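J.: fold the following, please.
(chains A and B, ligands or ions: 2)
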Amino acid sequence: MTPVVRLRGVSRVYPGHPPVRALDGVSLDIEYAEMIGIVGPSGSGKSTMLNVLGTLDRADSGEVHIDGYDVAGLSDRQLSALRARRIGFVFQQFFLSPGVSALDNVADGLLYTGLSPRKRRTRAWQTLEQVGLADRTHHRPHELSGGQRQRVAVARALVGRPSLLLADEPTGALDSTSGAAVIKLLHELHATGTTIVVITHDHDVARELPRQVHILDGGISSDEKTEGPALRGGAR
Amino acid sequence: MMRRGRGADGASRLTPSRMRARDTLRVAFSGLRTRPLRAVLSALGIAVGIAAMVAVVGISASSQEQVNQQLRELGTGLLTVSPGTSFRGGEAKLPENSVDMVARIDDVDAVSAVGVLGDANVYRNEAIDPGQTNALAVHAADTGLLDTVSGTVADGRWLDDALAEYPAVVLGSDAAELLGISHTDGSINVWLGDQWFTVVGILDPVPLAPELDMSAMVGWPVAAELLGFDGSPTTVYELSGENKVDDVRGLLPATVNPSNPEEVAVSRPSDALAAQAAVDETLTTLLLALGGVALLIGGIGVANTMVIAVLERRSEVGLRRALGATRPHIRRQFLGESVLLAGFGGIGGAALGGVVTAVFATSRDWQFALPLWVLAGAAGATVVVGALAGVYPAARAACMPPTAALAIA
Ligand SMILES: Nc1ncnc2c1ncn2[C@@H]1O[C@H](COP(=O)(O)OP(=O)(O)O)[C@@H](O)[C@H]1O
Ligand SMILES: [Mg+2]
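T.: Ligands and ions are numbered 1, 2, ... in the order given. All right, here's what the predicted structure looks like:
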């Protein structure tokens, strides 16, 4: 069975004086429908990892396979296609379009798929319902709480039914209550079969996840699975 | 599992990112909407340039249309014959019987003449200093003159055979104004050639014979009787069908003065009218160039706005790349934004230019004319300016690495 993510000896070196080895020979497999946390202190290489997993950045060496595609063999255009159809992103700062309704923000998750505006909105509506914001479809970001905004962002990442949902510090800009709600939502999505990678420096968040990969100085220091119901979900 | 078994061949099954043209337009538009004031201000630069160019062309087209319409109404069949300069030096004269000679030419529909009375001047009354002639001329005129030159009477009447015998005068429009006479009631006299002449008529401006506007015209017989007129015409006006003009023109010099045809000058007043409109073309070109400079400056403003927009919206670019936008999608978005920005300026400018043209034309009693090609040209110009202004900023946005664009926030 091919995993959704397969990294083999992946390195990413930022040029400079001295050069920074942000990722140093990382090997990692993530299976479909798994939920995994990538945990580490600031500067350990988490964001670099997210960029490589999300094909926003290329590894300098090693092999990267995402959803069955060898990233090194894909053009910039093909990588864009991969992101448009197979990968969803959630960022710490939400990155919602100001002045645009929640519904249209979510529909923008399908903007580059070529789907008709009608279909995009229908799916956006369904997805907002799925994240519990059916009553907020016409609210604009400034009319929503931080937690709600992040849920809109999650819906946007989800609307294209991606093979891989990447969340970079999704609770980083939220208070603990709304942060917990967002994490709960991610757990629910995982329960319905979505593959989710949560990048976090927050050990409380990490503890809840069925699998935790700790990284330090660009290398994996530990890879642990937590026993529990979530694991069974991941092993389906 | 569904997604199992995709190897290297998987790439061929990846459906490319796609963005609909309508979406590009919508995204470009919403980009402008986030900073409405800035968009309006930079569109204004384009609007000023376009408005200037549209107004310049519109006004000149309206003026051209005015002349064309005038020529259609007046016709182009009128020729004027006047004495040229003689070889022996000195002023050549037209023979006394010129009118009769010209009338004998085939295809001549009407012919009449005026003779200038060089020694006579016209004043509002006898007390005026004789030096103050106002540059007005006194002419002996045929009774047929008015019809020949397509003139019309503004007030009173034109000279007839009876009036031509009496000290009666008809004033050209400018002459009447300079003498301070606005109407005729049979009681208004002017001091003309040391006697009182009664003003019987005032003419409208005569576009084909503008020299008559500055003239006081008296009958041929009374000029000979009271003002010492020798009977030699100084200008003969000849009217023929428009398609016969060239034929008649060739015959006129020898007909009027068989012994010295080269001393006869023939001209076509409608040509002068048309040329007057053509003279404006130099000015039009100059103004158009100024409008072009304004447009160029407007374009630089748009480029500047776009460069700033791209810098400010790096994280938006990063997000769009994460959502699957390709570099060309990003480029098209910002290029579209630039073209829209310039385009809105162009629409506003074209409307403004149209209004200016309409107001100007109305104030001059011209017919409003704004050729479609002007609007098409304005639209084309704004699209080109917008595209040129957007090329660099759009390329910059497209080249931003998505990670750098996202890292900013
Ligand atoms: N664009 C870059 N250029 C140079 N060094 C970078 C760049 N991005 C990150 N780094 C360095 O790489 C290391 C890992 O960074 P990052 O992946 O952002 O870590 P984290 O997200 O865990 O805080 C850090 O030392 C950081 O300074
Ligand atoms: Mg980070």
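
J.: mean confidence for stretch A:197-204?
T.: With pLDDT averaged residue by residue, stretch A:197-204 scores 93.

J.: got the CA coordinates for it in CSV?
T.: Taking C-alpha atoms only, stretch A:197-204 is exported to CSV below (Å, rounded to 0.1, in the frame of the first residue of the first chain):
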residue,chain,number,x,y,z
VAL,A,197,-0.9,16.6,9.4
VAL,A,198,-0.9,19.1,12.3
ILE,A,199,2.3,21.1,12.8
THR,A,200,2.6,22.4,16.3
HIS,A,201,5.0,23.4,19.0
ASP,A,202,2.2,23.0,21.6
HIS,A,203,2.7,19.7,23.5
ASP,A,204,-0.9,19.8,24.8
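
J.: can you tell if it touches chain B?
T.: No: applying Cβ under 8 Å from any Cβ of the partner chain, one finds stretch A:197-204 out of contact with chain B, separated by at least 13.1 Å. The way it works is simple: take the backbone N, C-alpha and C, and place the C-beta from them, glycine included.

J.: what of stretch A:72-83?
T.: Yes: using Cβ under 8 Å from any Cβ, stretch A:72-83 comes into contact with chain B via A:Gly73, A:Leu74, A:Asp76, A:Arg77, A:Gln78, A:Ser80, A:Ala81, A:Leu82, A:Arg83.

J.: check the offset of that stretch from the chain's centre.
T.: 18 Å (Cα atoms, centre = their mean, to the nearest Å).

J.: residue ranges with poor pLDDT in the stretch 301-409 of chain B?
T.: Along the stretch 301-409 of chain B, segments meeting pLDDT under 70 span B:408-409.

J.: centroid residue for chain A?
T.: A:Leu166 (0.8 Å; Cα atoms, centre = their mean).

J.: give me the contact list for the helix or strand in which that one is found.
T.: Assigned by DSSP states H and E, A:Leu166 belongs to strand A:164-168. With contact meaning Cβ atoms under 8 Å, 6 or more residues apart in numbering or on different chains, strand A:164-168 is reached by A:4-5, A:30, A:46-47, A:50, A:53-54, A:66-67, A:86-92, A:154, A:157-158, A:186, A:189, A:194-199.

J.: tell me how many other residues crowd the residue nearest to B:Trp220 when sequence neighbours are not counted.
T.: With Cβ to Cβ, 6 or more residues apart in numbering or on different chains as the criterion, B:Trp220 has its nearest non-adjacent residue at 5.0 Å, and that residue is B:Ala140. Using other Cβ atoms under 10 Å in any protein chain shown, B:Ala140 has 27 neighbouring residues.

J.: just B:Glu126 next, same as before
T.: Neighbours of B:Glu126 using other Cβ under 10 Å come to 12.

J.: which one is B:Thr357 nearest to, not counting chain neighbours?
T.: B:Gly58 (3.2 Å).

J.: so who does the one you found touch?
T.: With Cβ under 8 Å, 6+ apart, B:Gly58 has these contacts: B:Gly353, B:Gly354, B:Val356, B:Thr357, B:Ala361, B:Ala369, B:Leu370, B:Val374.

J.: would you list every one of the helices in the stretch 51-200 of chain B?
T.: B:98-103, B:145-148, B:173-179 (DSSP state H, counting those that start in this stretch).

J.: can you give the contact residues for the last one?
T.: Pointing back at helix B:173-179 there. In contact with helix B:173-179 (Cβ under 8 Å, 6+ apart) are residues B:122-124, B:134, B:136, B:154, B:171, B:182, B:190, B:199, B:202-206, B:213-216.

J.: contacting residues for the closest residue in space to B:Ala168 that isn't next to it in sequence?
T.: Leaving out its chain neighbours, the residue that sits closest to B:Ala168 by Cβ to Cβ, 6+ apart is B:Val200, at 4.5 Å. By Cβ under 8 Å, 6+ apart, the contact set of B:Val200 is B:Gly156, B:Arg157, B:Leu159, B:Leu163, B:Ala168, B:Val169, B:Val170, B:Thr184, B:Gly186.

J.: how does it look with 7 Å?
T.: B:Gly156, B:Arg157, B:Leu163, B:Ala168, B:Val169, B:Val170, B:Thr184 (Cβ atoms under 7 Å, 6 or more residues apart in numbering or on different chains).

J.: got a quick ChimeraX command for the buried subset of those?
T.: Buried residues within those, by 16 or more other Cβ atoms under 10 Å in any protein chain shown, are selected in ChimeraX with:
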select /B:156,163,168,169,170,184
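
J.: okay if I get the contacts of B:Val200 as CSV plus distance to B:Phe29?
T.: Shown next, in CSV, are these (distance: Cβ to Cβ, whole Å):
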residue, distance to B:Phe29
B:Gly156, 65
B:Arg157, 67
B:Leu163, 73
B:Ala168, 73
B:Val169, 70
B:Val170, 66
B:Thr184, 66
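
J.: pLDDT added to the contacts of B:Val200, as JSON lines?
T.: Converted to JSON lines, those look like this (pLDDT from 0 to 100):
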{"residue": "B:Gly156", "pLDDT": "94"}
{"residue": "B:Arg157", "pLDDT": "95"}
{"residue": "B:Leu163", "pLDDT": "93"}
{"residue": "B:Ala168", "pLDDT": "95"}
{"residue": "B:Val169", "pLDDT": "96"}
{"residue": "B:Val170", "pLDDT": "96"}
{"residue": "B:Thr184", "pLDDT": "91"}
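
J.: just the contacts of B:Val200: which are in strands?
T.: B:Gly156, B:Ala168, B:Val169, B:Val170 (DSSP state E).
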